[in-house]
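**Student:** below are the sequence and a predicted model; questions follow.
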Amino acid sequence: MKKTNRRMKRNIRWDRLAVIMFVLTGAAYLACSLFLRSYNNNLSAKKQEIDSQIATLETQNAAIRVDINTLSTSERVMRMTEGTGLKMDQNNIITIYAGNSGE
């Protein structure tokens, strides 16, 4: 007897493959959309927190600017010197103005 080699042909069922791919793609889309939505919400919350911190710091900076302007006036120096009995010699006074470097 002769041995016969018969190769079995596998028929690929394209319709089953298409359904499986469709289900896998749908599940991946659902998982990605849920993950991205929660990630977007986290980023939005962090942005709001940072915006509130920026507003707080801007308010503090404005208050410090007012303090600096108050402390740098010449009237304040005059009041301090008059109270202690010191006299100001105008030849020894140097005034430094804080302005733009382009001026």
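**Tutor:** That came through fine.

**Student:** just checking, next helix/strand downstream of the helix ranked longest in the chain?
**Tutor:** The helix of greatest length in the chain, counted in residues with DSSP state H as the criterion, is given as helix 14-71. Sequence-wise, the next helix or strand downstream of helix 14-71 (DSSP states H and E) is helix 74-84.

**Student:** quick check: pLDDT value at residue 80.
**Tutor:** The per-residue pLDDT reported for residue 80 equals 75.

**Student:** how near is it to residue 16?
**Tutor:** Relative to residue 16, residue 80 is positioned 93 Å away (criterion: Cβ to Cβ, to the nearest Å). C-beta here means a position set from N, CA and C on the backbone, and glycine is covered the same way.

**Student:** again, but for residue 36
**Tutor:** The span separating residue 36 from residue 16 equals 30 Å under the rule Cβ to Cβ.

**Student:** now residue 68
**Tutor:** For residue 68 relative to residue 16 (Cβ to Cβ), the value is 77 Å.

**Student:** kindly report the same for residue 83.
**Tutor:** From residue 83 to residue 16 the distance is 97 Å (Cβ to Cβ).

**Student:** kindly report the same for residue 52.
**Tutor:** Counting by Cβ to Cβ, the gap from residue 52 to residue 16 is 55 Å.
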